[in-house]
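J.: coordinates for the following, if possible.
(chains A, B, C and D)
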Protein chains: 2
Amino acid sequence: MRPTVHDVARAAGVSLATVDRVINGREGVRASTVQRVEAAIRQLGFVRNQAAANLAKGRVYRLIFIIPEGANSFMRRLESEAREAGRQMAPDGIELCVVTAPAFDGQALADILNRLDPNEIGGVALVATEAPPVRQALARLHSANVPVVTLVSDAPSFQRHRYVGIDNVAAGRTAASLLGRFLRGVNGKIALVAGSMLVRDHVERRMGFDQVIRTEYPNLEALPVVEGRDDRTATRRIVEQCLDRDPDVVGLYNIGAGNLGLIEALSGRPPERRPMVVAHELSVHTQSALESGLFHAIINQDAGHEVRSAIRTLRSLTDQRTLIEGQEHIRIEIYLRDNLP
Amino acid sequence: MRPTVHDVARAAGVSLATVDRVINGREGVRASTVQRVEAAIRQLGFVRNQAAANLAKGRVYRLIFIIPEGANSFMRRLESEAREAGRQMAPDGIELCVVTAPAFDGQALADILNRLDPNEIGGVALVATEAPPVRQALARLHSANVPVVTLVSDAPSFQRHRYVGIDNVAAGRTAASLLGRFLRGVNGKIALVAGSMLVRDHVERRMGFDQVIRTEYPNLEALPVVEGRDDRTATRRIVEQCLDRDPDVVGLYNIGAGNLGLIEALSGRPPERRPMVVAHELSVHTQSALESGLFHAIINQDAGHEVRSAIRTLRSLTDQRTLIEGQEHIRIEIYLRDNLP
DNA sequence: ATCGTTCTGATATACGTACATCAGAAATTG
DNA sequence: CAATTTCTGATGTACGTATATCAGAACGAT
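T.: All right, here's what the predicted structure looks like:
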């Protein structure tokens, strides 16, 4: 049986109340006594039983998840995973509140953050837009000691405790390596489609992609990015234009969302005139595009994993428990037709 | 606040004791009363607070992990992850006991299983060798209602509650697709190296690999498997022989362990005479082989994830709680130099 | 109607921790 | 040395559930 506060009290020769004061950092204990208690804790290897503590406190971890609105299927996935996780975690005293915010709208996001009462909440996870009001709102939460994690996309200026998401530069490099390897011995151009180059994760992916293509695949040339605003019809149109205009396009990297439009554009072309395609985010659509050979690889980040990792991170921040680092690392997943889940 | 047993008792118009009898399936309650209580539970949406229940029961989940001995670095990784998880989970009332068994020795494994007292343990996770005594030992545990999960490799004849590991046929297919794509337009042979074709996961990977190469890459021909018994020097020797003998070898798939020997064999050859290489399991060695360009892709399963998934699965089997399926799926991870963790 | 069963209620204790109260001991001050 | 102030101990209650005991109620059978 693991040692309890009672054991600590006995070992230190003090009362339960004193042990409690020491453990919870309350004042009114002489320094020398504190030392005796701490020595006993170390010696016995006492670790607080968090479940019992939560029970006694009647604690609920009230966590807020803020996710962009709109048709972006990854964000919708993230939202539904968050709601699902909220349901699953309720018995463990986690109350998860999922909120949506207008996409790409820094002020709206900041308003939501500023309306949060630091005393009422146990943590915030958000997909952050990079804008001054957001930075300020995050700074406010930070100074009020509210645990905060950013999801999916990060910025160095954000005051947050942790970023939960993939390394987007590495993701771009990975896309380039896949296309480069798949197009071994082929000369030609690669079309790049993004949602918007105003979004940091897209910029970073682009950067990583260029690095690798330029230094390692001289047979390939990356064309300037065309923007589809993560929108189906817009993406379809620009992809069609791009492929029609330039017959040398042998590869395509879709940096953002809008995969539905991309699939439509590709299906409309004869198989021999389709490029090698790498896109992001697994969904029913991209998955069947992989299976049918329209897409050749998909780079994915696991939305469910991100949500659960964010929850664990926020919880451990309020509990001051240490995390299992390996469990919280979000992988850059590569899917071919053969290793689909 | 979530409803408690007290609320249920009040709503059903019965006492706390009766609610307890119903919830824990104890006898001594008239059928009509049981129905009233169950109705109240449904109506209030009562869910037992597992933390409080464990506290009251003083329950410890005593779990046994059985992992093969030997130099196989994936198994060592699995072992250390299990021990680490055991340390981390101890505060949550999980007592994890990690045991090693002689590799490829069905009888020894069965002996360990048969020595386990079903009343003393809360679950077993094991890397199972396929052999009759093992089957029987698993059947015994099964009939004693001990939760059991198999790790890494599965067999249809095993009586277990769940398999925690990757789909090895799909892993083989994935390896073939990678080599096929990377060797676009190249004619030649592919060397296959396995630990032993007596091990089921190796056989399955081989099967998946052949399926894809034969049907989709007529330019490539898979050579017969050579066995390196997951051993460093043996693997080195057979790889060297194989590459020297056959200059047409343009690709190599290492199905099992023994990556150190493979790396040595490859380093000893001039760069232009090295094949395209896909291997299994990420480690410091395979990782640096990827980075230096000796290996071109690695297929991995996350040992830490497998261990934690096994623990969650065993726990939920004794608690009768439902799992989050998405969290328990073990991915076939593909690593290139660019998406290393 | 009486007896013996079978249910049910009331009540208490326990798990490990948090937190509050109050009395008394020890240290510090004048 | 007395008067404070600061520290410590003893004790009780609470969280939500499990479990045990015992008395009494409702029930079935005779």
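J.: can you show me the helices along chain A?
T.: For chain A, helices defined by DSSP state H occupy the ranges A:5-12, A:16-23, A:31-44, A:50-57, A:73-89, A:106-115, A:132-143, A:168-182, A:200-216, A:232-245, A:259-267, A:284-292, A:303-319, A:325-328.
J.: can you say which of those is packed in most?
T.: Among these, helix A:168-182 has the highest mean neighbour count (mean count of other C-beta atoms under 10 Å in any protein chain shown), at a mean of 25. Where C-beta positions appear, they are placed from N, C-alpha and C, glycine not excepted.
J.: what does that helix contact?
T.: A:153, A:190, A:200-202, A:204-213, A:216-217, A:220, A:251, A:253, A:255, A:276, A:278, A:280, A:296-297, A:299, A:332, A:334, B:181-182, B:184, B:296, B:336-339 (C-beta atoms under 8 Å, 6 or more residues apart in numbering or on different chains).
J.: also near DNA strand C: which of those residues, exactly?
T.: Among these, no residue lies close to DNA strand C (C-beta under 7 Å from any atom of the strand).
J.: contact residues of chain A facing DNA strand C?
T.: Within reach of DNA strand C by C-beta under 7 Å from any atom of the strand, chain A has these residues: A:1, A:4-6, A:16-17, A:20, A:23-24, A:46, A:48-49, A:52-53, A:55-57.
J.: cutoff 10 Å now
T.: A:1-9, A:15-26, A:28, A:30-32, A:46-59, A:319 (C-beta under 10 Å from any atom of the strand).
J.: for DNA strand D, tell me which of these show up nearby.
T.: Answer for these near DNA strand D (C-beta under 10 Å from any atom of the strand): A:6, A:9, A:15-22, A:26, A:28, A:30-32, A:51-59.
J.: related to what we said a few turns ago, can you say which of the helices of chain A is nearest to residue B:146?
T.: For the helices of chain A, proximity to residue B:146 was assessed by C-beta to C-beta; helix A:50-57 is nearest, at 24.5 Å.
J.: that closest one vs helix A:303-319, what angle?
T.: 70 degrees (axes from the mean of the first three to the mean of the last three C-alpha atoms, to 10 degrees).
J.: and residue A:228, how far is that from residue A:213?
T.: Plainly put, residue A:228 is 20 Å away from residue A:213 if you go by C-beta to C-beta, to the nearest Å.
J.: apologies, that question was intended for residue A:255.
T.: 13 Å.
J.: turn the helices of chain A into a markdown table, including mean pLDDT and distance to residue B:79.
T.: Listed next are these as a markdown table, based on pLDDT from 0 to 100; distance: least, C-beta to C-beta, whole Å:
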| stretch | mean pLDDT | distance to residue B:79 |
| --- | --- | --- |
| helix A:5-12 | 90 | 31 |
| helix A:16-23 | 90 | 34 |
| helix A:31-44 | 88 | 28 |
| helix A:50-57 | 90 | 27 |
| helix A:73-89 | 93 | 30 |
| helix A:106-115 | 96 | 45 |
| helix A:132-143 | 96 | 40 |
| helix A:168-182 | 98 | 29 |
| helix A:200-216 | 95 | 35 |
| helix A:232-245 | 93 | 48 |
| helix A:259-267 | 95 | 41 |
| helix A:284-292 | 96 | 35 |
| helix A:303-319 | 95 | 24 |
| helix A:325-328 | 93 | 15 |
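J.: nearest residue to residue A:74 other than its sequence neighbours?
T.: Spatial nearest neighbour of residue A:74, excluding adjacent residues (C-beta to C-beta, 6 or more residues apart in numbering or on different chains): residue A:281 at 4.7 Å.
J.: around chain B, pick out the residues from the stretch 51-200 of chain A.
T.: Counting by C-beta under 8 Å from any C-beta of the partner chain, the stretch 51-200 of chain A comes close to chain B at A:51-52, A:54-55, A:81, A:84-85, A:88, A:90-93, A:170-171, A:173-174, A:176-178, A:181-186.
J.: can you name the residue of the stretch 101-250 of chain A nearest chain B?
T.: Residue nearest to chain B within the stretch 101-250 of chain A (C-beta to the nearest C-beta): residue A:173, separated by 3.9 Å.
J.: distance check, that residue against residue A:217.
T.: For residue A:173, the distance to residue A:217 - C-beta to C-beta - is 12 Å.
J.: double-check residue A:248 against residue A:191; I have them as touching.
T.: No: counting by C-beta atoms under 8 Å, residue A:248 does not reach residue A:191; the two are 10.1 Å apart.
J.: who touches the closest residue to DNA strand D within the stretch 151-300 of chain A in this structure?
T.: For the stretch 151-300 of chain A, the residue closest to DNA strand D is residue A:161, as judged by C-beta to the nearest atom of the strand, at 28.3 Å. Neighbouring residues of residue A:161 by C-beta under 8 Å, 6+ apart: A:147-149, A:313, A:317.
J.: name the residues that touch stretch A:211-218?
T.: A:169, A:172-173, A:176-177, A:179-180, A:183, A:190, A:220-222, B:338.
J.: looking at these, spot the one nearest DNA strand C.
T.: So of the contacts of stretch A:211-218, ranked by how close each gets to DNA strand C (C-beta to the nearest atom of the strand), first place is residue A:169, at 41.7 Å.
J.: if I look at the closest one, how far off is residue A:206?
T.: 9 Å.
J.: next to DNA strand D, which bits of the stretch 51-200 of chain A? Give me the list.
T.: Counting by C-beta under 10 Å from any atom of the strand, the stretch 51-200 of chain A sits next to DNA strand D at A:51-60, A:91, A:93.
J.: let's go with 6 Å and repeat that
T.: A:55-56, A:58 (C-beta under 6 Å from any atom of the strand).
J.: didn't residue A:3 look like it was pressed against residue A:45?
T.: Yes: using C-beta under 8 Å, residue A:3 is in contact with residue A:45, at 6.6 Å.
J.: show me which of those two is the more surrounded one.
T.: Under the neighbour definition other C-beta atoms under 10 Å in any protein chain shown, residue A:3 and residue A:45 were set side by side, and residue A:3 has more, 16 against 9.
J.: measure the more buried one to chain B for me?
T.: Distance from residue A:3 to chain B, counting by C-beta to the nearest C-beta, to the nearest Å: 12 Å.
J.: now do the contacts for the closest residue to chain B within the stretch 1-150 of chain A.
T.: The nearest approach of the stretch 1-150 of chain A to chain B comes at residue A:51, 3.9 Å away (C-beta to the nearest C-beta). Taking C-beta under 8 Å, 6+ apart, we find residue A:51 in contact with B:51-52, B:54-55, B:92-93.
J.: reformat those as a markdown table; add distance to residue B:132.
T.: Formatted as a markdown table, the contacts of residue A:51 follow (distance: C-beta to C-beta, whole Å):
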| residue | distance to residue B:132 |
| --- | --- |
| B:51 | 42 |
| B:52 | 44 |
| B:54 | 38 |
| B:55 | 43 |
| B:92 | 37 |
| B:93 | 36 |
